[in-house]
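Participant: structure, please.
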Amino acid sequence: MIPIFLIFFPLICGLLFLFLSGEKVKHLALISSLISLILSAYTWIQFNNSPESVLLKADYAWIPSFGVHFSVAVDGISLLLVLLTNLLFPLILLSSFNKSYPQYFYTLTMLMQSALLGVFTATDGFLFYVFWESALIPIYFICLLWGGENRAKITFKFFAYTLFGSLLMLIAFIAVYLKTPGTHSFSINALYQAGSLLSVTEQSWIFLAIFVAFAIKMPIFPFHTWQPNTYTTAPTQGTMLLAGIMLKMGAYGLIRWLIPLVPLGFQKWGFTAIVLSVIGIIYASCLALVQKDFKRLIAYSSIAHVGLISAGILCFNLQGLQGGLFQMFSHGLIIVGLFFIGDILSSRTGTQTMTELGGIVNHAPEFSKWFLIILLGSIAFPLTNGFVGEFLLLNGLYQYKPLLCFFGGFTVILGAVYMLKSYQTLMLGESNIYKAAGAQNFKDLTRTETAVLLPIAILILILGVYPSPLLKMTEPSVQLLLQNLKMSIP
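Facilitator: Residues are numbered from 1 along each chain as shown. Alright, predicted model coming up:
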């Protein structure tokens with residue numbers, strides 16, 4: 001019953017917020033997100049005590065005539081994403097306390113949390129698709145209602161891209177569903193069995209259709225064109241939801257649904273997918289080098305880091321998968337911290353153009369300190385969580401093809417260049433903050449802002465020194481996936 005409660009608790013809370021108003025809504029939203037986090041920690045304890053515990057599974061007939069079940073479960077892989085989701089939501093909501101959002105905003109965020117948790121726990125293909133689409137609707141309205149200039153046009157492009165990919169995924173799922181033996185079923189195991197029996201040509205088409213859906217969501221080159229404008233235009237909390245959690249849906253889908261579903265299609269097209277991911281790393285890193293807007297720089301940085309995550313996962317070896325999962329968690333923490341830093345800069349000065357700022361360290365030493373720690377995690381500095389994830393990913397790429405590892409490593413080199421350059425421009429040098437339009441003074445962090453950045457910085461350091469708990473959590477499930485794939489591919 002635990003997965004059921006994890007999914008429906010934020011859903012019920014979000015619907016209740018529609019009938020409330022005033023400042024109390026944001027406090028209730030924060031409290032509800034903290035309850036979800038506590039429940040996630042309890043789930044982790046239950047999982048460690050007994051990975052096969054019935055408390056971590058639930059299966060109810062939903063549409064029996066079509067073989068659709070409300071089937072959810074938590075294993076090591078899904079638990080990692082559940083923990084990430086429920087850890088980031090309190091931080092994202094806390095970061096909104098200096099904004100004036102109505103109760104509809106908090107309703108939408110709670111609905112999105114429910115849908116994301118459903119994506120990461122669903123073990124029925126139709127249910128997975130329902131949650132996948134359900135997560136799109138709240139973020140669409142968050143970006144549309146509270147976004148910046150040209151938000152209608154930019155948000156519609158994001159919606160259209162994602163909806164097109166989702167349609168391809170649904171068609172592919174239905175094609176495999178119709179091949180399930182006997183009474184057709186959308187059960188993940190039934191789909192695995194049916195998919196592995198398809199011909200190489202059939203599996204190839206299924207692979208390409210589903211891969212496009214996941215590649216758009218992450219995004220992977222050349223399906224990334226919606227991302228920079230959307231990230232720049234969306235409100236900060238919307239960008240945090242998109243970059244910190246929502247893009248992980250695509251990476252999770254590669255591991256849970258795509259590769260085990262059509263192993264021969266993966267064998268034929270996996271190398272092409274890895275090459276596209278590596279191209280995206282270099283392409284996005286080069287674009288990040290020339291950005292003047294800090295938020296846009298982070299957007300391109302995210303494409304580069306996600307490209308490495310995708311490439312490592314698609315190598316489908318132990319190091320690549322473990323690195324991909326660990327880096328998904330690490331990237332979520334780091335990117336939320338960076339976007340919040342961008343929000344602080346914008347709210348204090350009225351601009352995110354880096355050349356208009358400078359010398360902030362002289363006015364805000366606390367802000368500069370936490371910014372530096374989060375930045376070091378982003379550039380994979382040793383003893384930070386980013387180093388652990390990217391080391392494992394590059395290890396997995398090297399085992400697959402050393403040349404790809406060479407090009408994939410540019411995410412570390414170029415990332416260090418553009419991130420350290422941005423820190424130097426913003427924090428060091430001559431004090432230019434009074435040149436920014438509307439900036440009268442740059443105050444140091446408030447208590448609320450510290451409460452957001454401090455946990456992120458601490459986790460970046462703890463996971464960099466002691467990554468074992470997360471790696472041990474996911475390893476049994478990863479080993480099982482590898483074992484099953486070896487049996488499926490001649």
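Participant: any idea how far Ser346 lies from Ala160?
Facilitator: Applying C-beta to C-beta, to the nearest Å, the value for Ser346 to Ala160 is 28 Å. Backbone N, C-alpha and C define where each C-beta goes, glycine included.
Participant: what does Val452 give?
Facilitator: Taking C-beta to C-beta, one finds Val452 at 33 Å from Ala160.
Participant: looking at these two, which is more packed in?
Facilitator: Val452 (25 against 11; other C-beta atoms under 10 Å).
Participant: tell me the SS of that one?
Facilitator: Following DSSP: H, G, I helix; E, B strand; the rest coil, we place Val452 in the helix state.
Participant: max-length helix in the chain?
Facilitator: helix 318-349 (DSSP state H).
Participant: where does the stretch 351-490 of the chain have low pLDDT?
Facilitator: Scanning the stretch 351-490 of the chain for pLDDT under 70 picks out the ranges 429-441, 490.
Participant: residues in contact with Ile137?
Facilitator: Residues counted as contacts of Ile137 (C-beta atoms under 8 Å, 6 or more residues apart in numbering) are Leu111.
Participant: pLDDT score for it?
Facilitator: On the pLDDT scale, Ile137 is placed at 92.
Participant: could you check which helix or strand contains it?
Facilitator: Element membership for Ile137 (DSSP states H and E) is helix 125-146.
Participant: quick check: next helix or strand after that helix?
Facilitator: Past helix 125-146, further along toward the C-terminus, the next helix or strand under DSSP H and E is helix 151-177.
Participant: what's the mean pLDDT across that next one?
Facilitator: Here the average pLDDT along helix 151-177 is 89.
Participant: next one: stretch 11-31
Facilitator: Throughout stretch 11-31, pLDDT has a mean value of 87.
Participant: which parts of the helix holding Ile137 count as buried, going by neighbours?
Facilitator: 125-136, 138-146 (16 or more other C-beta atoms under 10 Å).
Participant: next: stretch 290-297.
Facilitator: Counting neighbours by 16+ other C-beta under 10 Å, stretch 290-297 gives 291, 293-297 as buried.
Participant: next one: stretch 347-356
Facilitator: Residues 348-349, 351-354, 356 are the ones in stretch 347-356 that count as buried (16+ other C-beta under 10 Å).
Participant: kindly check the end-to-end length of it for me.
Facilitator: With C-alpha to C-alpha, to the nearest Å as the measure, stretch 347-356 spans 14 Å from end to end.
Participant: for Trp62, see how far away Ile2 is.
Facilitator: From Ile2 to Trp62 the distance is 19 Å (C-beta to C-beta).
Participant: among those two, which residue is more densely surrounded?
Facilitator: Neighbour count, other C-beta under 10 Å: between Ile2 and Trp62, Ile2 has more, with 22 against 16.
Participant: the more buried one and Lys248, how far apart?
Facilitator: Ile2 sits 21 Å away from Lys248, going by C-beta to C-beta.
Participant: what do you get for Phe326?
Facilitator: Taking C-beta to C-beta, one finds Phe326 at 12 Å from Lys248.
Participant: same thing with Met473?
Facilitator: With the distance defined as C-beta to C-beta, Met473 ends up 16 Å from Lys248.
Participant: so for these two, which residue has more residues nearby?
Facilitator: Neighbours of Met473 and Lys248, each counted by other C-beta under 10 Å, are more numerous for Lys248; the result is 26 against 22.
Participant: measure the closest residue to that one other than its chain neighbours to Gly386 for me?
Facilitator: Nearest residue to Lys248, sequence neighbours excluded (C-beta to C-beta, 6 or more residues apart in numbering): Met328, at 5.1 Å. With distances taken as C-beta to C-beta, Met328 is found 12 Å from Gly386.
Participant: go on, Ile334?
Facilitator: According to C-beta to C-beta, Ile334 and Gly386 sit 6 Å apart.
Participant: mind listing the strands for this protein?
Facilitator: Listed in chain order, the strands of the chain (DSSP state E) span 57-63, 68-73.
Participant: for these, which one ends up most surrounded?
Facilitator: Highest mean neighbour count of these: strand 68-73, a mean of 21 (counted as mean count of other C-beta atoms under 10 Å).
Participant: got a list of contacts for that strand?
Facilitator: With C-beta under 8 Å, 6+ apart as the test, strand 68-73 has contacts from 3-4, 7, 56-62, 118, 121-124, 126-127, 186-188.
Participant: between helix 151-177 and that strand, find me the angle.
Facilitator: Counting by axes from the mean of the first three to the mean of the last three C-alpha atoms, to 10 degrees, strand 68-73 lies at 100 degrees to helix 151-177.
Participant: send me strand 68-73 as PDB with only the CA atoms.
Facilitator: Coordinates of each C-alpha in strand 68-73 appear next as PDB, following Å, rounded to 0.1, in the frame of the first residue of the first chain:
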ATOM      1  CA  VAL A  68      -5.200  -2.900 -17.700                       C
ATOM      2  CA  HIS A  69      -4.300  -2.900 -14.000                       C
ATOM      3  CA  PHE A  70      -3.500  -0.200 -11.500                       C
ATOM      4  CA  SER A  71      -0.100  -1.900 -10.800                       C
ATOM      5  CA  VAL A  72       2.700  -0.100  -9.000                       C
ATOM      6  CA  ALA A  73       5.800  -1.300  -7.300                       C
END
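Participant: now do it: distance to the chain's middle.
Facilitator: Chain-centre distance of strand 68-73: 23 Å, with C-alpha atoms, centre = their mean, to the nearest Å.
Participant: show me what the mean pLDDT comes to for it.
Facilitator: 91.
Participant: for the residue of the chain most remote from its centre, phi and psi?
Facilitator: Distance from the C-alpha centroid of the chain peaks at Gly182, with 37.0 Å (C-alpha atoms, centre = their mean). Main-chain torsions, Gly182, degrees, to the nearest 10: phi 70, psi -130.
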